[in-house]
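> Sequence first, predicted model second:
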Amino acid sequence: MLKESFTRLETRSDKAIGYFYGRLFTADPRLRALFPIALDAQRDRFFHALTRIVWSQDNPEELAAYLARLGRAHRRYGVTAEHYTAIEHALIATLRVYARDVWSPGVEETWVEAYRSAAATMIEAAERDADGAPPWWAAEVVEHDRRADDLAVLTLSPERPLPFAPGQYVTVQTSRWPRVWRPYSIANAPRSDGRLRLHVRARPGGWVSGALVRGTGPGDTVLLGPAAGTMTLDPDSGRDLLLVAGGTGLAPVKALAEQAVAAGRRRDVRLLVGARTERDLYDLADLRLLEAAYPWVRVLPVLSDDPDFGGLRGTPADVLSGLDGLDGLDGWDGGWDDRDAYVAGPVPMVRGTVAALQRLGMPLERIHHDLLRAEE
Ligand SMILES: NC(=O)C1=CN([C@@H]2O[C@H](COP(=O)(O)OP(=O)(O)OC[C@H]3O[C@@H](n4cnc5c(N)ncnc54)[C@H](O)[C@@H]3O)[C@@H](O)[C@H]2O)C=CC1
């Protein structure tokens with residue numbers, strides 16, 4: 001019933017979502033303040049979440065985990081239990097209009113039940129979280145290192161300790177765009193001074209990334225959400241590590257490399273740094289320092305858009321796919337089933353790299369990435 005009625009809404013999603021927000025803000029205009037000034041991205045995210053909830057009804061475990069993440073993430077917006085009731089009314093009113101040809105009291109009851117159950121899971125997760133972590137941290141920008149016109153490395157000092165594991169990300173809000181949060185991976189292992197580094201590339205039309213690269217400097221304050229993400233080192237593994245980064249996907253991978261070397265246990269680390277041109281290797285000097293300090297770490301730049309480059313060319317996936325019959329990856333040939341891989345970067349690059357690693361014989365459970373979260 002849910003899927004059938006939701007399909008009616010999907011075919012006219014723009015109008016339906018517009019109607020939904022209209023109902024919501026008319027019923028309680030104060031709710032408008034919870035949302036960003038421009039609603040476009042919010043509309044997409046709301047619809048994406050609804051779609052996922054409807055289509056995950058057959059998979060309660062996956063659904064509960066997703067809703068718990070969603071509920072926790074909503075804490076930073078100041079969402080409370082009462083807001084869920086207002087959303088319920090607006091959603092049901094919208095479905096009544098847009099799914100009118102299949103609507104009946106039975107369908108309505110099913111929706112109300114499914115909505116309340118989803119809301120209860122979100123609220124419960126948010127409340128459980130509220131016992132411990134704050135919903136957000138204020139952090140001072142202590143360094144702003146502009147490495148290219150569109151790229152900056154920011155060092156942030158949170159007002160209170162912000163716990164995280166290498167490989168995780170935080171969401172960031174700037175004063176320029178209230179209520180707009182964007183995720184950025186933390187680019188360092190935890191430090192004694194509690195500081196965090198972010199690698200930010202300003203995307204065309206990217207509000208937060210543009211503000212962080214071009215409109216932020218030392219002394220400014222940003223807000224950070226709690227750390228999240230599962231692309232973390234397997235604590236039981238002493239296996240060699242293959243780290244693959246594309247562009248600013250270097251951030252989480254560098255944090256993992258720092259953690260691996262700090263653990264004191266010698267694990268061979270190969271770090272493939274994918275970029276378009278030499279100019280885009282924005283952190284190579286730092287990576288070379290890591291390599292010099294730990295001889296078992298090898299940093300291998302791979303350039304896709306520079307035919308004159310003397311090193312590895314193509315994407316990281318091209319390099320891995322071409323390994324058959326070559327000398328191997330800087331001394332590594334074979335043994336792919338006994339290594340851990342971590343991959344971060346543009347979605348198609350991550351997909352291609354995962355496929356190439358599987359073809360080399362690496363089991364899927366050893367290949368870590370953030371793809372599903374990126375799509376959330
Ligand atoms: N945890 C994660 O997975 C993280 C992911 N990212 C994502 O990484 C991306 C970085 O963007 P930029 O720095 O602009 O990277 P970029 O566009 O400069 O590309 C970096 C590398 O990825 C390859 N690449 C780009 N598009 C590709 C495609 N369609 N197919 C195959 N390979 C491709 C390039 O050849 C290059 O090697 C962003 O999308 C960001 O959201 C960033 C941080 C963490």
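Looks like it came in fine. Numbering: from 1, shown residues only.
> For whatever residue of the chain ends up closest to the ligand, which non-adjacent residue is spatially closest?
Closest approach of the chain to the ligand (Cβ to the nearest ligand atom) occurs at residue 247, with a separation of 2.1 Å. Yep, even glycine has a C-beta here, placed from its N, CA and C like the rest. Counting by Cβ to Cβ, 6 or more residues apart in numbering, residue 247 lies nearest to residue 345, which is 5.6 Å off, once chain neighbours are set aside.
> for the chain, longest strand please?
strand 137-148 (DSSP state E).
> Can you show me the CA trace of that one as PDB?
Output of strand 137-148 as PDB, limited to C-alpha atoms (Å, rounded to 0.1, in the frame of the first residue of the first chain):
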ATOM      1  CA  TRP A 137      30.400  22.200  18.500                       C
ATOM      2  CA  ALA A 138      31.500  25.700  17.800                       C
ATOM      3  CA  ALA A 139      35.000  25.700  16.300                       C
ATOM      4  CA  GLU A 140      37.500  28.500  15.600                       C
ATOM      5  CA  VAL A 141      39.300  28.500  12.300                       C
ATOM      6  CA  VAL A 142      42.900  28.800  13.400                       C
ATOM      7  CA  GLU A 143      44.600  28.300  10.000                       C
ATOM      8  CA  HIS A 144      43.200  28.800   6.500                       C
ATOM      9  CA  ASP A 145      45.700  27.600   3.900                       C
ATOM     10  CA  ARG A 146      44.600  28.400   0.400                       C
ATOM     11  CA  ARG A 147      46.400  25.700  -1.700                       C
ATOM     12  CA  ALA A 148      44.700  26.600  -5.000                       C
END
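> Would you mind pulling up the elements that it packs against?
strand 151-158, strand 221-224 (3 or more Cβ pairs under 8 Å, 6 or more residues apart in numbering; DSSP states H and E).
> Export these as JSON lines, with columns for mean neighbour count, distance to the ligand and mean pLDDT.
Below are those laid out as JSON lines (neighbours: other Cβ atoms under 10 Å; distance: least, Cβ to the nearest ligand atom, whole Å; pLDDT from 0 to 100):
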{"stretch": "strand 151-158", "mean neighbour count": "21", "distance to the ligand": "8", "mean pLDDT": "98"}
{"stretch": "strand 221-224", "mean neighbour count": "20", "distance to the ligand": "16", "mean pLDDT": "96"}
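> interface residues of the protein facing the ligand?
185, 201, 246-249, 251-252, 274-276, 280, 304, 315, 344-346, 348-349, 352, 370, 374 (Cβ under 6 Å from any ligand atom).
> Buried ones among the residues you listed?
Among those, the ones that count as buried by 16 or more other Cβ atoms under 10 Å are 185, 201, 246-249, 251-252, 274-275, 280, 304, 315, 344-345, 349, 352, 370.
> Filter those down to just the ones in helices.
251, 252, 349, 352 (DSSP state H).
> out of those, what pair is the most spread apart?
Using Cβ to Cβ, the pair of these lying farthest apart is 251 and 352, separated by 19.6 Å.
> all helices in the protein, in order from the N-terminus.
2-10, 13-27, 40-55, 60-73, 81-98, 105-130, 207-214, 250-262, 284-293, 316-321, 347-359, 371-375.
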